[in-house]
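Peer 1: Predicted model and sequence follow; I will ask about them next.
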Amino acid sequence: MAVLLHIDSSLFPLEASGSRQLTSAFRKVWEEAHPQGSVIYRDLAAAPVPHLDAATVTAESVPALREELITEFEKADVILIGAPMYNFTIPSTLKAWLDQIILAGRTFGEGVAPSGKHVVVAASRGGSYRPGTPRAGFEFDTNYLEKVLDGGLGLQVETITRELTMAAVKPAMADLVPLAEESARQSLARAAESARRHAALLA
């Protein structure tokens, strides 16, 4: 039975969160297309995991919560991560989760074979950080995640990005509303298509 690990990290509820809307669209289609599968869900905004501390890092054995998080990661066939951009990077709660599951000798490092798991990053941001835009060099959200998840953990990464989410509420961005609406439409369609594809692979 295939397992989806679904991680949300947005501070905002579904109706106000671009990343939650993407992960919700993915999960809905996944569950419809693969009803025999199971889902492990963590909402890092509602229930943050602790940041690493010296006691955790130097412990002779893996503490219970860290073991639980790593086991969830290891058990998953597909990992779905909602990753809004806050201050040009990922939420600190998502960084804390990553720090907990990245363990040398267990999930990465010498002697650890890349898992080849599939991970779908559902990213959102208030503006646009595409190449050629004024703030392209400030994109430390998906750039960071792709480096860590692919280069570090050996996962197969697919990134779906919804941008310009602030266009509808910032008067200075009013002329970008049509582009924002198109980004929403395209990203939600991509999330649904990705879910169907991954469900078919694992059925």
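Peer 2: Here it is on my side, so go on.
Peer 1: contact partners of the host helix or strand of residue 39?
Peer 2: Assignment of secondary structure by DSSP states H and E places residue 39 within strand 38-43. Residues lying outside strand 38-43 but in contact with it, judged by C-beta atoms under 8 Å, 6 or more residues apart in numbering, are 1-8, 27, 30-31, 49, 72, 75-76, 97. Just so you know, the C-beta spots here come from the backbone N, C-alpha and C atoms, and that holds for glycine as well.
Peer 1: Which two among the residues you listed are spaced furthest apart?
Peer 2: Comparing every pair within the contacts of strand 38-43 by C-beta to C-beta identifies 1 and 49 as the most remote, at 25.3 Å.
Peer 1: Can you list the buried residues in the strand holding residue 39?
Peer 2: Neighbour-count burial for strand 38-43, counted by 16 or more other C-beta atoms under 10 Å, picks out 39, 42.
Peer 1: Likewise for stretch 46-55?
Peer 2: 48, 49.
Peer 1: what's the answer for stretch 191-200, then?
Peer 2: Within stretch 191-200, the residues that qualify as buried by neighbour count (16+ other C-beta under 10 Å) are 191, 192, 194, 195, 196, 198, 199.
Peer 1: Report the contact partners of the first one.
Peer 2: With contacts defined as C-beta under 8 Å, 6+ apart, residue 191 is in contact with 22, 23, 25, 26, 29, 120, 122, 160.
Peer 1: ok, now the last one?
Peer 2: Counting by C-beta under 8 Å, 6+ apart, residue 199 makes contact with 2, 29, 30, 33, 34, 37.
Peer 1: just the buried members of those?
Peer 2: Among the contacts of residue 199, those classed as buried by neighbour count (16+ other C-beta under 10 Å) are 2, 29, 30, 33, 34, 37.
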